[in-house]
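**Student:** Test case, fold it:
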Amino acid sequence: MAVLIPVDSSGNRTILADNLPGGPRRFRTYFSQGEQDGWYLDIFDSAGNVLIRGIRCVPGCPNLVKGQGDDFAGEQLACVVLRGSETAPD
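**Tutor:** Residues are numbered from 1 along each chain as shown. Model (predicted):
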């Protein structure tokens, strides 16, 4: 079952998704400028413990969490850009 986690370019923000098969998780999105401008993602458990930090949001990647450990075994995370570019801050 796919779960949509809507994010936008509001900057550094945190979203609680409590309807996930693996349990509640918090997703933090932020834009970083530097060698590779782009949007990044941190994922926390419901207690605020870091599960993954600094995943680059890459549209078209079949699974952003593949190979990220047992916490994400059997899970998939994809990024879709509906407007603009993943390398633009807006």
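**Student:** going forward, measure contacts between C-alpha atoms and count neighbours the same way
**Tutor:** Fine.
**Student:** How far does stretch 71-88 stretch from one end to the other?
**Tutor:** 30 Å (Cα to Cα, to the nearest Å).
**Student:** Please identify the buried residues of stretch 80-90?
**Tutor:** Buried residues in stretch 80-90, counting neighbours by 16 or more other Cα atoms under 10 Å, are found at E86, P89.
**Student:** That one: end-to-end distance?
**Tutor:** Length of stretch 80-90, first residue to last, Cα to Cα: 15 Å.
**Student:** Number the chain from 32, please
**Tutor:** Sure thing, new numbering starts at 32, so read that last one as stretch 111-121.
**Student:** average pLDDT for it?
**Tutor:** For stretch 111-121, mean pLDDT rounds to 79.
**Student:** tell me which element A109 is part of?
**Tutor:** Secondary structure assignment for A109, by DSSP states H and E: no helix or strand.
**Student:** isn't it right up against R87?
**Tutor:** No - between A109 and R87 there is no contact under Cα atoms under 8 Å: 11.0 Å.
**Student:** Comparing those two, which shows the higher neighbour count?
**Tutor:** Each of A109 and R87 has its neighbours counted (other Cα atoms under 10 Å); R87 has more, 20 against 15.
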